[in-house]
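Q: here are the coordinates; sequence isn't available:
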């Protein structure tokens, strides 16, 4: 049970015990910035209760002790697991980000690919079993640091099929910054300089492509199909740079000798902030 400061009684049903503080007339109770199980209000005639919410591993405030000192979501051990929720957070941070829920298949290997993590960063991944009601069980965690080379262009809505890898013979990548900057000349010795909110990265990316799983022609068609949707795409490299970008002006230079090799170039500009 929970004692609410300023209320002179607490209890369960018709059982009341003295609290540590006295009260005055109270007409209203407000609960803010809290996750709670149940709130029961007694007006002297009847109990007025809210609808019970769902429990998860982060639920705090009150758990009813039903005569056996078991409360909250302890009953999850008897519930059937329906899925595994995958979460991720940066190391030394406290908040997990929900990535996906994978259907639970007993006695089988289940795989989840995270296309959105940055390279060379320290993460903690968590797997949490859930039941059909969405109640979470015991969390399992593992620390890891993704590592890859080159640059990846990824469609956030279809990363499995909409991913393109710049890897071979990458030219030096020049990254510039768009800024709202106004320089105002006055009669004073120095000009006045003003800045707006715009601060977006932009650049170009070029690499050599050779026949692998698909021919170079098929690879270029795939690149064009990703770009032609005209939507924000995730662009990231092996050093930890990540940007949501708009990509334009794809260009292919087809090598004639030896044939079957091409150089691809794209131009990009940052259009949204990347948060992992």
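A: Everything's here; your move. Small disclaimer: the values here were computed from a predicted structure and weren't measured.
Q: What are the contacting residues of the host helix or strand of residue 128?
A: For residue 128, the element it lies in under DSSP states H and E is strand 123-131. By CB atoms under 8 Å, 6 or more residues apart in numbering, the surrounding residues in contact with strand 123-131 are 57, 76, 79-91, 96, 101, 104, 114, 117, 136-146. Where you see a C-beta, it was placed from the backbone N, CA and C, and this is true even at glycine.
Q: Buried only: go through those residues for me.
A: Among the contacts of strand 123-131, the ones that count as buried by 16 or more other CB atoms under 10 Å are 76, 83-90, 96, 117, 136-137.
Q: Residue 263 should be in a strand, yeah?
A: Yes: assigned with DSSP: H, G, I helix; E, B strand; the rest coil, residue 263 falls within a strand.
Q: pretty sure it contacts residue 207?
A: Yes: counting by CB atoms under 8 Å, residue 263 touches residue 207, with 7.0 Å between them.
Q: who's more crowded, these two?
A: residue 207 (20 against 17; other CB atoms under 10 Å).
Q: on that earlier part again, could you pull up the mean pLDDT of the strand holding residue 128?
A: Throughout strand 123-131, pLDDT has a mean value of 92.
Q: Pull the distance from it to the chain's centre.
A: 13 Å (CA atoms, centre = their mean, to the nearest Å).
Q: What residues of it count as buried?
A: For strand 123-131, using 16+ other CB under 10 Å, the buried residues are 123, 124, 125, 126, 127, 128, 129, 130, 131.
Q: and which of these is nearest to residue 235?
A: Minimum distance to residue 235 across the buried residues of strand 123-131 is 19.3 Å, recorded for residue 123 (CB to CB).
Q: quick revisit: rebuild the buried residues of strand 123-131 as CSV, extending it with distance to residue 255.
A: Shown next, in CSV, are the buried residues of strand 123-131 (distance: CB to CB, whole Å):
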residue, distance to residue 255
123, 39
124, 45
125, 42
126, 47
127, 46
128, 50
129, 52
130, 52
131, 57
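Q: coming back round to it: next secondary structure after the strand holding residue 128?
A: strand 140-144.
Q: Just checking: what are the partner strands of that next one?
A: The pairing partners recorded for strand 140-144 under DSSP bridges are strand 123-131 (antiparallel).
Q: pLDDT below threshold where in the stretch 1-150 of the chain?
A: Low-confidence segments of the stretch 1-150 of the chain, defined by pLDDT under 70: 1-79.
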